[in-house]
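1. Next one to model:
(2 chains)
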Amino acid sequence: MGSIRVENLSKSYGNVDALKDVSFELDEGEFAVLLGVSGAGKSTLLRCLNGLASPTEGAIYIDDERITGPRDDVAMVFQQHNLITQLSAYENALTGALGRTSSLRSVMRWHNRQEKLEAVRALDTVGLLDDASKKVRQMSGGQQQRVGIARALVQNPATMLADEPVASLDPASAETVMAYLRQAAMERNITSIVSLHQVNIAREFGERFIGLRDGELIFDGGIDDLTIDVIDEIYGNVSTDAIRRGRDPEEAHV
Amino acid sequence: MSSENDSLGYKLRAYFGIGYEGEDAIDQRLTDLKRAKTIGRILSLAAAVGFLYLFSQALGQVGFSIDEIVRYWPAFSEAMGGFFPTTTYLGIPFLDFGAYWSFISNPPGYDHPLWDYAVTTLAMSFAGTALGFPLALLFGILGSERVTPFPFNFIFRGVMSTIRAIPALVWALIFIPLGGLSPFTATLAIGTDTIGNMGRLFTDELEEIEEGPIEGISSTGANRPQTVVFGMLSQVYTSFIAWALYIFEINTRVAVTMGLIGGGGLGAVLSAERRFYNPTNIMATILVVLVLVITVEMISQRIRAYLRGDWEPMSTAELFLGFPRRMTESLWR
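-> From the prediction side, this is the model:
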């Protein structure tokens, strides 16, 4: 469950081509890291995979079923966590069950025991069992992102997508959050794509790497193929020499 | 050259930045800034003149006259004497609270003490707010562009604007055939008025919610109604309750004025005492109004502070006994 097939995917916003003819496949349970600079098309790819954006050309299949809109078996973790900060960690985790709950039952908050247990179990998986009743707005950034992962897990997803989940966290929290994410994906055999811009974190947690540059797929391979040259290509020729020399700021600005 | 630079006209032109060429690039920029400031001052002056003109026209329209105030001041102060009866304790003149109290506790010609009328006023306000709340919620939510697509949300906004355009007292006049001159009619009017006012606040509140949680909820595969309830309404439900309490405060004041046109409660007592011209009794009733309105406001504001999350636990004793200290502190700083 959860195999992903992306076929000749293109996405334009007006006359800006965010993605150009991207194709790749992921097997069930694979953990892939999406690499690229800001604006390379990482978010657009993840939003297309989730169905929050629709492709201009090409198609995405999850378990050979074409993606046309958000699905409850495709879970998403956002950079800004996108939780309801006024509610508790537990209530936020429970919203992961909305996709398989009828409108009336969910609006009246008649969740069955099974769903409630799943929410608590998901909070346990991300190490927040003791903070279940805490309001999200009173939590630290790292804890909030773990609640975001818990909500994703309550969806019982076959596929999990994470858009820069640790970009706004300090290094220590980033490690913790990534470790929980990786572990949860492994335990539950969830096919995952995580976009990251920190190369060190990517190398530490990734097993498969997909590199985007200017909307084009320029790398797809394992950790052994992810050489310095490849990373340089993905991140462009960002010459830091000028800035390093830049004890003379005039020169660094050139 | 130097004699020209020393002339008063030259200095003035330089000061206001008009008709003055800068001596270099920096001076030129400064001149531009001065000119912009001069233009700003001229516009403010024009606005002030316009305001004073409209103000004097308005005073003329309502027949405002200092002469009349001067001429009738003795009559007014005599009437005030009625509002504030005096008595003497041990030869020292004091405000006669006893006269107020005897009217409040046992008003001649009425079946009940005044606080029973206060309860009627409070009941009108509370029932009206509660009756208006569900429709305010419905119209307020459907009036938001986030929930209802653009042209259609204006149907609900339009209904609320129309309701708001008619004051609560006029709504009471409209409902008189339905319930007669009674607290019931007044309650209906307050309820209708609430739909317009509270609904508007709800719509405004919904315009300010964050996009992230909405996207978060829809990413879970939730359908549209679920996204509205969880992604949008859960962001605003505490502020909705806070706004409802605020409208309840306002409605308590409106309920008093409803009595003036025959809606019952404290307003009706005020209206009757005005007709018999019993200034002491009017003042006693006003005191009860003050206590009622201030109590409702204090309770409502403490609940709203708690809902906003900036709640400082303070006992009721501290609220009153600590007042002189807090007052001193705020003056001292």
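
2. Can you mark which positions in stretch A:9-29 are buried?
-> A:L9, A:S10, A:K11, A:D17, A:A18, A:L19, A:K20, A:V22, A:F24, A:L26, A:G29 (16 or more other C-beta atoms under 10 Å in any protein chain shown). Heads up, the C-betas are built off the backbone N, CA and C, glycines and all.

3. Of those residues, which pair is most distant in space?
-> The most widely separated members of the buried residues of stretch A:9-29, counting by C-beta to C-beta, are A:D17 and A:G29 (31.9 Å).

4. What sits closest to B:I286 if chain neighbours are left out?
-> B:L270 (7.4 Å; C-beta to C-beta, 6 or more residues apart in numbering or on different chains).

5. so the one you found touches B:V288, yeah?
-> No. Contact criterion C-beta atoms under 8 Å: B:L270 and B:V288 do not qualify, at 9.7 Å.

6. Contacts for stretch B:73-87 next, please.
-> The contact list for stretch B:73-87 (C-beta atoms under 8 Å, 6 or more residues apart in numbering or on different chains) reads B:P93, B:F94, B:L95, B:D96, B:G98, B:A99, B:N278, B:P279, B:T280, B:I282, B:M283.

7. go with 10 Å
-> Residues from elsewhere that reach stretch B:73-87 (C-beta atoms under 10 Å, 6 or more residues apart in numbering or on different chains): B:69, B:72, B:93-100, B:277-284, B:286.

8. try stretch B:164-179
-> The contact list for stretch B:164-179 (C-beta under 10 Å, 6+ apart) reads B:128, B:163, B:181-182, B:184-197, B:199-200, B:250-251, B:254-255, B:257-258, B:260-263.

9. Return the set of buried residues in the top helix by length along chain A.
-> Across chain A, the longest stretch assigned as helix under DSSP state H is helix A:171-187. Buried residues in helix A:171-187, counting neighbours by 16+ other C-beta under 10 Å, are found at A:S173, A:A174, A:E175, A:T176, A:V177, A:M178, A:Y180, A:L181, A:R182, A:A184, A:A185.

10. Could you name the helices and strands sitting against it?
-> Packed against helix A:171-187 by the contact rule (3 or more C-beta pairs under 10 Å, 6 or more residues apart in numbering or on different chains; DSSP states H and E) you find strand A:31-35, helix A:113-125, helix A:141-154, strand A:159-163, strand A:191-196, helix A:199-205.

11. Would the next helix or strand after the first one count as contacting chain B?
-> Translated: strand A:31-35. Sequence-wise, the next helix or strand downstream of strand A:31-35 (DSSP states H and E) is helix A:42-50. Yes. Using C-beta under 10 Å from any C-beta of the partner chain, helix A:42-50 reaches chain B at A:R47, A:N50.

12. how about A:D170, what does it touch?
-> Counted by C-beta under 10 Å, 6+ apart, A:D170 has contacts A:S140, A:G141, A:G142.

13. Quick check, A:S43 in contact with A:Q80.
-> No. The criterion here is C-beta atoms under 10 Å, and A:S43 misses it with A:Q80 at 11.7 Å.

14. neighbours around the residue nearest to A:L98 when sequence neighbours are not counted, how many?
-> Take A:L98 and drop its neighbours on the chain: the residue closest to it by C-beta to C-beta, 6+ apart is B:A222, 3.8 Å away. By other C-beta atoms under 10 Å in any protein chain shown, the residues close to B:A222 number 27.

15. How about A:A202?
-> Residues near A:A202, counting by other C-beta under 10 Å, number 20.

16. Check for me that the residue nearest to A:L98 belongs to a helix.
-> No. Counting by DSSP: H, G, I helix; E, B strand; the rest coil, B:A222 is not part of a helix but coil.

17. what's the pLDDT at it?
-> Per-residue pLDDT puts B:A222 at 87.

18. A:V238 now?
-> 57.

19. Could you do A:A252 as well?
-> On the pLDDT scale, A:A252 gets 43.

20. next one: B:S105
-> Confidence at B:S105, expressed as pLDDT, is 88.

21. Next, the contact list for the closest residue to it other than its chain neighbours, please.
-> Once flanking residues are discounted, B:S105 sits nearest to B:P113: 5.3 Å by C-beta to C-beta, 6+ apart. Neighbouring residues of B:P113 by C-beta under 10 Å, 6+ apart: B:F103, B:I104, B:S105, B:N106, B:P107, B:V288.

22. Fine by me, we can end here.
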